[in-house]
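In: fold the stuff below for me.
(2 chains)
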Amino acid sequence: MTDWLASLHRVIALVRKELLAILKDPRSRITLFVPPIMQCLIFGYAATLDLSNVPYVAIDQDRSAASAELLARLDSSGTFVRVADLLSPAEAARAVDDRRAMLIVQIPQDFERRLDAGAGTDVQVIADGRNSNTGGTALAYFNTVVEGFNADWLADHGLPPPAVQPVVRAWYNANLETRWNTIPALIGTLAMMQTMLLTALSVAREREAGTFDQLQVTPLRPAEIIAGKTIPSMIIGTVQATNVLLVAQLWFHIPFQGSFVVLYVGLIFFMLAAVGLGLFVSSIAQTMQQAMLYGFIVMMPFILLSGLTTPISSMPVILQDFTLINPLRYAIDIAHRVYLEGVGLDRLGSDIWPLAAIGAFTLAGASWMFERRLG
Amino acid sequence: MTDAEVFAARSRAKLRRIWALVRKEGLQVLRDPSSFAIGIVLPVILILLYGYGVSLDVRHVPVAIVVEAPSPDATELAAGFALSPYFAVRTVTSEFDARELMLERKVDGVIYLREDFSRESRLGSASVQLVLHGTDANRARIMQGYAEGALAAAAATRNDAGGAAVGGPVNVESRLWFNDADDSHYFLVPGLIVLVMTLIGGTLTAMVMSREWERGTLEALFVTPVQADEILVGKLLPYFLLGLVGLAICVLAARFLFVVPLRGSLWVLGLTSMLYLLVALGMGLFISSTLKSQFLASQITQLVTFLPATMLSGFIYDLRSVPAFIRAISDCVPAHYFVALLQTVFLAGDVWSVILPNTLMLGVFAAIFLGLTRHAIRKSLA
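Out: Predicted coordinates for the structure are as follows:
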């Protein structure tokens, strides 16, 4: 019993020392707590695949009431901005080349005549495919506007609507805003980026200064040293995650559907796995430079294959299997499901167990590496 | 000695000092496995991940079709979805089953054919409910487009059978320029080059100066005849060469592994990439020479390299749709100019009206970062 208490005392002392070492420098305090908030604000606005202000040029060869009506619909859609009315396709092509326009909309000469004749007519749109995702999205928006035009035109002329009409509803994100997807995902991502590096550097820094050897001759056991290095980073990571959560709630007003307790249970397991990974990196690195570079090399694939920017289900099967050892993948899943879908712990088992396993494995590996280094 | 001789002797001494510094730094790079890891292993990993792993193309989306009352019409519609390459269909018979599948995230959407679907569709107009899992909004929107397309196709075949006109009054005939195949590699791979250059340049040099500050070796250097600009060149050159290796790996992979077309000229690509490498190296050197702490330098470098190069560069997210103040911030991110350059040089060709202003901006950034670094080194000398 007293043994156990003494051990706890030692761990607490080490945790205090670590926190002091990290936080006593005002520049480190700022570096650790301001950037996640700023990044969340900036990326909340920047990381959107929703388009607005899509610049387009119109080549209206018909100059009729119907063609004007179609263009007016585009302009009032809130998505498209007409930057020029041009006559020649060559001029329009130049506007796209220079990136002044993303779309060219070309309305043929007989547009209104064919419409009135009930024959059906074509509108040609060309999108800048240098970013084919954005280009495709702009085309889809354009189609929606034309569908609205068609429906109204049919109704105005007393014609029957199309035979099958889709009624679309989106769960969890009624307006399909990308931001609702990105910002909850940032809770885990931003916390992981800095805490993993923090942990990786903390041991390397002691190695460079020679104090890590001193630590080994104190009564601290390896497990206690590991705990003393893990807990401070977890605390800092959790505070960072909380800051991001606050920005999501107070600034972006993304409605929180689930329970905070559930979210934090998930976060703690995630921080354990992320910090464990950082510690494992630091057990391999000799210097701070190596700790940082190896940290980057580990983190980069994890962020790319987490579902943050591109969906996991679009990846090939081998890489989908690789994501099973990626703690961030589970954190993003937890954040989405608790935040947007409001699920409880009963449905989160498939996310939490892998995190616990990654945490246990990396911490055990780090402790084994530390001991081996000494021997 | 004449003035010319003095000048020649000074230049020779200067070159000798620079060479000594370059050699020392180069040996350090060669002996540290982590430099190689970031210069060569990281590009290869990223190329493989981006090339094969990361894709925004939506295929085989799992969806559930709820058929409350089986009928030929409903079966035909369900078959239309099953045949589409965009969907992987599961047929269920009740709304409850579909809801359960959505909650478990086993499906990303539900297509709901009510009991009276068959009767309504024979009367001429039936509604089909489409429920999307909206968490991944982009994917949901793409899926919605595909589903509406499949429904329109189904409606068209039915109309066809009845002898009515096919399609709506206005049909959209769309084309995607520069990327007819709609292959997301075409823009992801040039973006990847930007990312790799930013990471190599930024991270390799981030610790270099701060380490010397922490260990006091920079002060030792100050008592030698070495001058500030010589230190700068000595630090820059070895990492520049390592960065070129990473660049070559990326360009070769883009051309031959992923067959991304290079419609502009190779020399424009090479020169602008070298310029950007200088910008990235300058950024890392500037951070590490002003912060003088390895811990801070590494954290700050991480903050200003990876995420801005991904999120604020126009590489994935289009910057024309963001609020003006975010665009103003993105104007301060050098990667933003390099992305515009590379996407144009690879996919559109040598469009000088894009190349010249962006190259100019990169030149300005390089001058600012390197100038500030030199200033930071010199100031400490006094």
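
In: need the longest helix for chain A.
Out: What stands out as the longest helix in chain A, according to DSSP state H, is helix A:178-209.

In: what comes up buried for that helix?
Out: Neighbour counts using 16 or more other Cβ atoms under 10 Å in any protein chain shown place A:178-208 of helix A:178-209 among the buried residues. Glycine gets a C-beta too; all of them are placed from N, C-alpha and C.

In: toward the C-terminus, what is the element adjacent to the helix or strand bottoming out on mean pLDDT in chain B?
Out: Ranked by mean pLDDT, DSSP states H and E, the weakest helix or strand in chain B is strand B:170-177, scoring a mean of 68. Per DSSP states H and E, the first helix or strand lying C-terminal to strand B:170-177 is helix B:185-215.

In: now do that following helix and helix A:178-209, the angle between them.
Out: Comparing the axes of helix B:185-215 and helix A:178-209 via axes from the mean of the first three to the mean of the last three Cα atoms, to 10 degrees yields an angle of 30 degrees.

In: near chain A, anything from helix B:185-215?
Out: Yes: for helix B:185-215 and chain A, the contact criterion (Cβ under 8 Å from any Cβ of the partner chain) is met by B:186-187, B:199, B:203-204, B:206-207, B:211, B:214.

In: nearest to A:A335, of those?
Out: The closest of these to A:A335 turns out to be B:L199 (Cβ to Cβ; 25.6 Å).

In: quickly find the element holding the closest residue to the closest one other than its chain neighbours.
Out: The spatially closest residue to B:L199, leaving aside those adjacent along the chain, is B:T305, at 6.0 Å (Cβ to Cβ, 6 or more residues apart in numbering or on different chains). Using DSSP H and E, B:T305 falls within helix B:294-311.

In: mind listing what's buried along stretch A:301-316?
Out: Of all the residues in stretch A:301-316, those buried under the rule 16+ other Cβ under 10 Å are A:301-315.

In: who's in contact with that stretch?
Out: Identification of contacts with stretch A:301-316 by Cβ atoms under 8 Å, 6 or more residues apart in numbering or on different chains yields A:47, A:182, A:185-186, A:189, A:192-193, A:319-320, A:322-323, A:326-329, A:331-333, B:45-46, B:49-50, B:52-62, B:108, B:136, B:139, B:306, B:310, B:316.

In: wait, doesn't A:R130 sit right on B:V345?
Out: No: the criterion here is Cβ atoms under 8 Å, and A:R130 misses it with B:V345 at 10.4 Å.

In: which of those two has more neighbours?
Out: Shown here are A:R130 and B:V345; by other Cβ atoms under 10 Å in any protein chain shown, A:R130 has more neighbours (27 against 24).

In: and the gap between the more buried one and B:G314?
Out: Separation of A:R130 from B:G314 (Cβ to Cβ, to the nearest Å): 10 Å.

In: so where's the stretch 101-250 of chain B shaky on pLDDT?
Out: For the stretch 101-250 of chain B, the stretches flagged by pLDDT under 70 are B:124, B:155-176, B:178-184.

In: using CSV, write out every CA atom in stretch B:311-326.
Out: C-alpha atoms of stretch B:311-326 as CSV (Å, rounded to 0.1, in the frame of the first residue of the first chain):
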residue,chain,number,x,y,z
MET,B,311,-5.4,23.8,-46.5
LEU,B,312,-4.6,27.3,-47.6
SER,B,313,-2.8,26.7,-50.8
GLY,B,314,-5.7,25.9,-53.1
PHE,B,315,-4.3,22.4,-53.5
ILE,B,316,-7.5,20.7,-52.3
TYR,B,317,-9.8,23.5,-51.4
ASP,B,318,-10.6,26.2,-53.9
LEU,B,319,-9.7,29.6,-52.5
ARG,B,320,-12.2,31.5,-54.6
SER,B,321,-14.9,30.3,-52.3
VAL,B,322,-13.5,31.5,-49.0
PRO,B,323,-14.2,34.8,-47.2
ALA,B,324,-11.9,37.7,-48.1
PHE,B,325,-9.9,37.8,-44.9
ILE,B,326,-9.0,34.1,-45.4
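
In: list the buried residues in it.
Out: Here stretch B:311-326 shows B:311-322, B:326 as buried, counting by 16+ other Cβ under 10 Å.

In: out of those, which touch chain A?
Out: Restricting the buried residues of stretch B:311-326 to those touching chain A (Cβ under 8 Å from any Cβ) yields B:311-312, B:314, B:316-322, B:326.

In: just the ones in helices from the residues you listed, please.
Out: Among these, DSSP H puts B:311, B:326 in helices.

In: okay, the ones next to chain A among the buried residues of stretch B:311-326 in TSV with pLDDT next?
Out: Formatted as TSV, these follow (pLDDT from 0 to 100):
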residue	pLDDT
B:M311	81
B:L312	84
B:G314	79
B:I316	76
B:Y317	78
B:D318	76
B:L319	77
B:R320	74
B:S321	73
B:V322	79
B:I326	85
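
In: what residues does the stretch 251-375 of chain A put near chain B?
Out: Going by Cβ under 8 Å from any Cβ, the residues of the stretch 251-375 of chain A near chain B are A:285, A:287-290, A:292-294, A:296-297, A:300-301, A:303-305, A:307, A:309-311, A:313-316, A:319, A:336-337, A:340-341, A:343, A:347.

In: report how many residues lie close to the residue nearest to A:T182 when sequence neighbours are not counted.
Out: In this structure, A:T182 finds its nearest non-sequential neighbour in A:A47, 4.6 Å apart by Cβ to Cβ, 6+ apart. The number of residues packed near A:A47 is 24, by other Cβ under 10 Å.

In: just after the helix or strand hosting B:L237, pick out the following helix or strand.
Out: Element membership of B:L237, judged by DSSP H and E, is helix B:228-252. Heading C-terminal from helix B:228-252, the first helix or strand you meet, by DSSP H and E, is helix B:266-291.

In: and that following helix, what does it pack against?
Out: Judged by 3 or more Cβ pairs under 8 Å, 6 or more residues apart in numbering or on different chains; DSSP states H and E, the packing partners of helix B:266-291 are helix B:185-215, helix B:228-252, helix B:294-311, helix B:334-343, helix B:352-381.

In: ok now the third one, how far from the chain's centre?
Out: Relative to its parent chain, helix B:294-311 has a centroid offset of 16 Å by Cα atoms, centre = their mean, to the nearest Å.

In: please name every helix or strand in contact with it.
Out: Counting contacts by 3+ Cβ pairs under 8 Å, 6+ apart, helix B:294-311 is packed against helix A:26-46, helix A:178-209, helix A:288-304, helix B:185-215, helix B:266-291.
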